[in-house]
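1. pasted the sequence and its predicted model underneath.
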2 protein chains.
Amino acid sequence: MPIGMLSRKTGVNIETIRYYERIGLLPAPPRTAGGRRIYDDGHRRALAFIRRARELGFGLADIRALLALARPHGESCAQVERIASAHLDDVRNKLADLARLEHILAETVGKCARETAPTCPVLNMLDPG
Amino acid sequence: MPIGMLSRKTGVNIETIRYYERIGLLPAPPRTAGGRRIYDDGHRRALAFIRRARELGFGLADIRALLALARPHGESCAQVERIASAHLDDVRNKLADLARLEHILAETVGKCARETAPTCPVLNMLDPG
DNA sequence: CCTTGTTCCTGTAGCTGCTACAGGATGTAG
DNA sequence: CTACATCCTGTAGCAGCTACAGGAACAAGG
């Protein structure tokens, strides 16, 4: 199948597919006589794998490692788990940061609605006096 | 004060201060005869403002707008509030996304610990079968 | 066979928000 | 007067794409 169809099937942008090939994340497919890429179902699965991993927030370096570990099926689960739980830690840290953010912002914007302050509550919070 | 002291006082990297100047976020200070930047307390306050706003997740475009609105004190609070609450929406969306992520990852990594699956649970979830 | 329209190709540059050099000039303390 | 810290400019790099420009290839209709 040509790149456009692969793009439609996986929901990954054509430019992004070529980008993944360029950085060596997705294997380069064979070409037609005219030079167009022809993909098979193996490529489709690999790209779908990458896409799901991206949706879960894994970085491309992690995904590269995961793809490598996905080949010899069976023994390397411990390594996979290490990558995944490191990423989970990361996500939890970001979550905590964002929650703190949300709290402060919500509070400050809330003051705007109550309209009791003489100066803008948002600028007030940002201004170091 | 020279740039290094400003950096220490605000916790903003020297390179970042120069970067802010280059993109027109922080006004260019006067220089010594030898060409070194000399900052005053106004610069310090502006930079501290920028820093707090960055910590709250505002983008540089938003900060540029906020800085402009911070000058004519008093009337433009509505615009400030619009920027802040748009950002708050953004933060809440990201928060929801991350929470979903966290849930899926935690569940999957949890399966690894229970060790009952024949194949790696993480790879299993990523693999589109 | 020829045209039209779509798809595809390569290569480069842009985005955000910094950070990290290289290679040199300047300021300050002993 | 010499060290040494601090500063200068300019460029290039990071993630992870996205958006062109300028051209070639293919499928379908006449």
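-> Ah, there it is.

2. do stretch A:92-103 and chain B meet?
-> Yes. Contact of stretch A:92-103 with chain B (CB under 8 Å from any CB of the partner chain) involves A:92, A:94-95, A:98-99, A:101-102. For the C-beta atoms, the positions are set from N, CA and C on the backbone; glycine is no exception.

3. now tell me what touches that stretch from outside.
-> Stretch A:92-103 is contacted from outside by B:56-57, B:88, B:91-92, B:94-95, B:98-99, B:102, using CB atoms under 8 Å, 6 or more residues apart in numbering or on different chains.

4. what does the lowest-mean-pLDDT helix or strand in chain A contact?
-> When each helix and strand of chain A is scored by mean pLDDT, DSSP states H and E, helix A:121-126 comes last, with a mean of 89. If you take CB under 8 Å, 6+ apart as the criterion, helix A:121-126 is touched by A:104, A:108-109, A:111-112, A:117, B:49, B:52-53, B:56, B:66, B:69-70, B:73, B:77, B:80-81, B:83-84.

5. now the longest helix seen in chain A: how far from the chain's centre is it?
-> When chain A is scanned for its longest helix (criterion: DSSP state H), the result is helix A:77-114. Centroid separation for helix A:77-114 versus its chain: 15 Å, with CA atoms, centre = their mean, to the nearest Å.

6. please point out which parts of it sit buried.
-> For helix A:77-114, the neighbour count (16 or more other CB atoms under 10 Å in any protein chain shown) marks A:77, A:80-81, A:83-85, A:87-88, A:91, A:94-95, A:98, A:101-102, A:105, A:108-109, A:111-112 as buried.

7. got it, and stretch A:122-129?
-> Neighbour-count burial for stretch A:122-129 flags A:122-123, A:125-127 (criterion: 16+ other CB under 10 Å).

8. distance to residue B:8 for the residues you listed - can I get that in TSV?
-> Shown next, in TSV, are the buried residues of stretch A:122-129 (distance: CB to CB, whole Å):
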residue	distance to residue B:8
A:122	27
A:123	25
A:125	23
A:126	21
A:127	21
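
9. of these, closest to residue B:31?
-> Using CB to CB, residue A:127 comes nearest to residue B:31 of the buried residues of stretch A:122-129, at 27.0 Å.

10. what residues does chain A have near DNA strand D?
-> A:13, A:15-16, A:19, A:32-36, A:54, A:59-61 (CB under 7 Å from any atom of the strand).

11. most widely separated two among these?
-> Across those (CB to CB), the longest gap, 37.3 Å, separates A:33 and A:59.

12. neighbour count: these two, which is higher?
-> Taking neighbours as other CB atoms under 10 Å in any protein chain shown, residue A:33 and residue A:59 compare with residue A:59 leading, 13 against 5.

13. give me the pLDDT value at that one.
-> Note for residue A:59: predicted pLDDT of 94.

14. OK, contacts around it?
-> Contacts of residue A:59 (CB under 8 Å, 6+ apart): none.

15. distance check, it against residue A:83.
-> Residue A:59 sits 10 Å away from residue A:83, taking CB to CB, to the nearest Å as the criterion.

16. same check, this time on residue A:106
-> Per CB to CB, residue A:106 is found 34 Å from residue A:83.

17. do I have it right that residue A:28 meets residue A:20?
-> No. Assessed by CB atoms under 8 Å, residue A:28 is found out of contact with residue A:20, at 10.2 Å.

18. what about the two, which has more around it?
-> The neighbour count for residue A:28 versus residue A:20, taken as other CB under 10 Å, is higher for residue A:20 (19 against 10).

19. where's the more buried one, which helix or strand?
-> Assigned by DSSP states H and E, residue A:20 belongs to helix A:14-22.

20. quick one: is the helix or strand harbouring residue A:66 near chain B?
-> Following DSSP H and E, one finds residue A:66 within helix A:60-70. Yes. Remark: helix A:60-70 sits within contact range of chain B at A:66, A:69-70, by CB under 8 Å from any CB.

21. setting aside sequence neighbours, what's the nearest residue to the residue of chain A found nearest DNA strand C?
-> Distance from DNA strand C to each residue of chain A (CB to the nearest atom of the strand) is smallest for residue A:4, at 2.1 Å. Once flanking residues are discounted, residue A:4 sits nearest to residue A:14: 6.4 Å by CB to CB, 6 or more residues apart in numbering or on different chains.
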